[in-house]
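> quick one, what's the 3D model for this:
(chains A and B)
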Amino acid sequence: MFQYTVRRLLDLVFVLLGVSILVFLMVRFIPGDAVAIMLGANTDITPERVDALRRQIGLDLPVYEQYWNWLTGALRGDLGTSIWTGTPVGQEILARLPATFEITLLALVLALLLSFPLGVLAARARGTGGDVVVRVIAIVGLTLPSFWVGVLLLYFFSIYLPRWPAIGYVPFGEDPLGNLARVALPTVAVSLPMVAGLTRILRSSLLEVLSSDYVRTARAKGVSERVMLYKHALRNAMIPMITVIGVQLGYLLSGVVVIEQVFAIPGVGRLMVGAINERNYPLLQGVVLVVTGVFVVVNLLVDLAYAWIDPRVEYS
Amino acid sequence: MSAAEPQREAGAPATSAAEPLLQVRDLRVTLDTPRGRADALRGVSFTLRRGDTVGLIGESGCGKSLTGLALMGLLPEGAEVAGSMRFDGREMVGLAEDEWCRLRGDRMSMVFQEPMTALYPLNPDGRQIAEPLLLHLRMDSRAARAEALRLLERVRMPQAARRLDAWPHQLSGGQRQRVLIAIALACNPALLVADEPTTALDATLQREVLQLIGGLVHECGMALLLISHDLGVMAENVDRTMVMYGGTVVEAGPTAGVFARLAHPYTRGLFAARPRLGLPRGTRLPTIPGRVPELADLPHGCPFADRCDRVTPECRAAPPAPVPVAGDDDHVARCIHLDASMAPTRRDEADA
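Below you'll find the model as predicted:
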């Protein structure tokens, strides 16, 4: 298991390398570089000034040389400086991470808190009205895009609860209540599809487990249906659940990127969108690197969780 | 503990010695099928005393497994049960689910066909064997573990002490079936239902596992209901045999008598269709014409009428009543053409 973990972390290095090359090339395919956008409509610029600016940022070098400079810097822990503000990229990202992580984690927790009871309820009431209601809600939840739900929430809150601080962000440390009030709506919007997806998976895997041979064995032992559901079935249903949670966490991250625009939350997502618009290459490169790293680590944790739940899983 | 609760000691009857352990009378089960409700069991009756070993034989779909599940209260959702099943002096038809839970695994147990999937994959064997002990006998976990080890030794599990902490996926099919037998026997039940317990095992293991079950049943004074489609298994392991077809017992009697007389045409068909040593290579085995009808299509009269070579219009008039075979009240068959369908040569062999 230890060996497996180490090997997966080594894989992580290669994934990050590949992603960084891809992103490095991709952003340079977008027409117009940072300098062109910076100077914008300014007419009294001379080609000399443009070249000076390019040289200053390092855009005059061949692409492979630019990448090499960036890579050696990144290996030393220096992700470069933001073209526009001149602050270190690492510092900019660190400042934005808390908001994004807070919403992502809260949305995950909310999704788990809601989908477990709903999934169990639907499985227990299989075929009855309650089951149908839960399943319809789940389908609807899967279909609604979270940014649309977010806009809708904003709309209703600003009409009926105009004093609710629906937009913006304050760190939890500064104003705990204000923080929670502001992250509540985006959290709900972004976790809705996850609630729906997890509920459906839980319901179907519970039903599958409940019709299995070993549940029949347990019933023949005299285990009651309740104990069966909570002790045997739920634990077994966790195996597909964890897979889906891992995948959904990726979707959740991208959902947060969009929802940060809707609610004007200064998170990593907004940072990334801004970086793309400004052709802020080092910043974009850094953000993508961090998000990819998080995603790969989450997937590793998911794989390790299998072994923890299921003795049949062996890593080799 | 209420007075009605059955006593723990195996073999100690909760009722007077006169009453048999299990008395099934006119058991009827209706199931939901894709084609509507269907009568799956149509008046099954039999009696089991302590120490009895009874076999249920028939083709798939004849209702033998369903009879076992009905006895355990494990029928699929939507099943309706009518008639009477008296076990240990109390009626089980209409029993509440929590009372079933108290009976199952304690006073009655079941071993199933598929050992490969019948064990919970996420718990070690020892804990699975200990579960009924914790549940019914309220043992503490240490005592249950010790008892689980003793049970593994009783089912002759090789290296029992090591298997206690093994996972099901580390065991072979035969070993898993031993674990399942240990689970079934944990609380010393009065009745053991074994539904095709060896069908999924290698031929060499079949005999060993059946002998194990037989030996343990004898040791503990349990009653055994053995469900199988294998005539050889019946001949070697049970004192009485019941032949099922179309949800009814078409013939029942002492195993030796049933095998010797083959009173019911269906029993005869089953015997004729079995492979034997010594047949010339390429011999076609006789088959029973037609196939087991779907439950919803069972004829009104004798369920076997459509496949029987002795069928007459009277056969389709009404379900035939049980008739003593050769004047033996202990051996009955549901057929109105009994005399015609008797096999004199077979009987002569048995008499000789």
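> show me the contacts for the closest residue in space to B:L41 that isn't next to it in sequence.
Using CB to CB, 6 or more residues apart in numbering or on different chains and skipping residues adjacent in sequence, the residue nearest B:L41 is B:V29, 4.0 Å away. (Each C-beta comes from the backbone N, C-alpha and C, glycine too.) Each residue near B:V29 by CB atoms under 8 Å, 6 or more residues apart in numbering or on different chains is listed here: B:39-41, B:63, B:66, B:70, B:75, B:79-82, B:247.
> so B:V29, which state does it fall into?
Here B:V29 is recorded as strand under DSSP: H, G, I helix; E, B strand; the rest coil.
> relative to B:M85, how far out is it?
From B:V29 across to B:M85, the span is 11 Å (CB to CB, to the nearest Å).
> same deal with A:R54?
From A:R54 to B:M85 the distance is 91 Å (CB to CB).
> so for those two, which sits in the more crowded spot?
When neighbours are counted by other CB atoms under 10 Å in any protein chain shown, B:M85 comes out ahead of the other of A:R54 and B:M85, with 21 against 16.
> count the residues that sit near the residue of chain B found nearest chain A.
Going by CB to the nearest CB, chain A is nearest to B:G105 of chain B, at 3.5 Å. Applying other CB under 10 Å, we find 27 residues neighbouring B:G105.
> ok, now A:E48?
A count of nearby residues for A:E48, using other CB under 10 Å, gives 8.
> do B:E314 as well
Neighbourhood size, B:E314 [other CB under 10 Å]: 13.
> excluding sequence neighbours, find me the nearest residue to it.
Nearest to B:E314 is B:I336, by CB to CB, 6+ apart, at 6.0 Å.
> contact partners for the one you found?
Per CB under 8 Å, 6+ apart, neighbours of B:I336: B:302, B:312, B:314-315, B:320, B:323.
> shared neighbours, B:V29 and B:M85?
Residues touching both B:V29 and B:M85 by CB under 8 Å, 6+ apart: B:A70.
> hey, where'd the strands end up in chain B?
Under the criterion DSSP state E, strands of chain B are mapped to B:22-33, B:36-48, B:53-57, B:80-87, B:90-91, B:108-111, B:191-195, B:223-228, B:240-245, B:248-254, B:323-325, B:328-333.
> any idea how far the third one is from the chain center?
Taking the mean C-alpha point of strand B:53-57 and that of its whole chain, the gap between them comes to 6 Å (CA atoms, centre = their mean, to the nearest Å).
> got it, and stretch A:115-133?
That offset, for stretch A:115-133, works out to 28 Å (CA atoms, centre = their mean).
> return the set of buried residues in that stretch.
A:115-116, A:118-124, A:126, A:131 (16 or more other CB atoms under 10 Å in any protein chain shown).
> show me which of those is closest to chain B.
A:R126 (8.9 Å).
> tell me which element that closest one is part of?
Taking DSSP states H and E as the definition, A:R126 sits outside all helices and strands.
> show me the contacts for B:T198.
Counting by CB under 8 Å, 6+ apart, B:T198 makes contact with B:177, B:205-206, B:209-210, B:233.
> which of these fall within helices?
Among those, the members found in helices (DSSP state H) are B:177, B:205-206, B:209-210, B:233.
> now do the same for A:E102: its pLDDT.
For A:E102, the model assigns a pLDDT of 92.
> how about B:D106?
What the model reports for B:D106 is a pLDDT of 94.
> tally of neighbours for it?
So B:D106, with other CB under 10 Å, has 23 neighbours.
> backbone dihedrals for it, both of them.
With angles defined as degrees, to the nearest 10, B:D106 sits at phi -110, psi -70.
> mind jotting down where the helices sit in the stretch 101-250 of chain A?
Per DSSP state H, counting those that start in this stretch, the stretch 101-250 of chain A carries helices over the ranges A:129-143, A:146-160, A:176-210, A:213-221, A:225-227, A:234-262.
> go through those helices and name the closest to B:H169.
Minimum separation from B:H169 across those (CB to CB) falls at helix A:213-221, 12.0 Å.
> tell me the mean pLDDT over the closest one?
93.
> can you tell if it touches chain B?
Yes: counting by CB under 8 Å from any CB of the partner chain, chain B is contacted by helix A:213-221 at A:213-214, A:216-221.
> what does that helix contact?
A:209, A:225, A:228, A:232-233, B:72, B:74, B:104-105, B:109-110, B:112, B:114, B:117-121, B:131-132, B:135, B:180, B:183-184.
> before we move on, what about stretch B:274-289?
Taking CB under 8 Å, 6+ apart as the rule, stretch B:274-289 contacts B:231, B:266, B:269-270, B:272-273, B:307, B:309.
> that older thread, pick out the most distant pair among the contacts of B:I336.
Pairwise over these, using CB to CB, the maximum falls at B:T312 and B:V323, 15.3 Å.
> in stretch A:215-230, what's buried?
By 16+ other CB under 10 Å, the buried positions in stretch A:215-230 come out as A:215-225, A:228-229.
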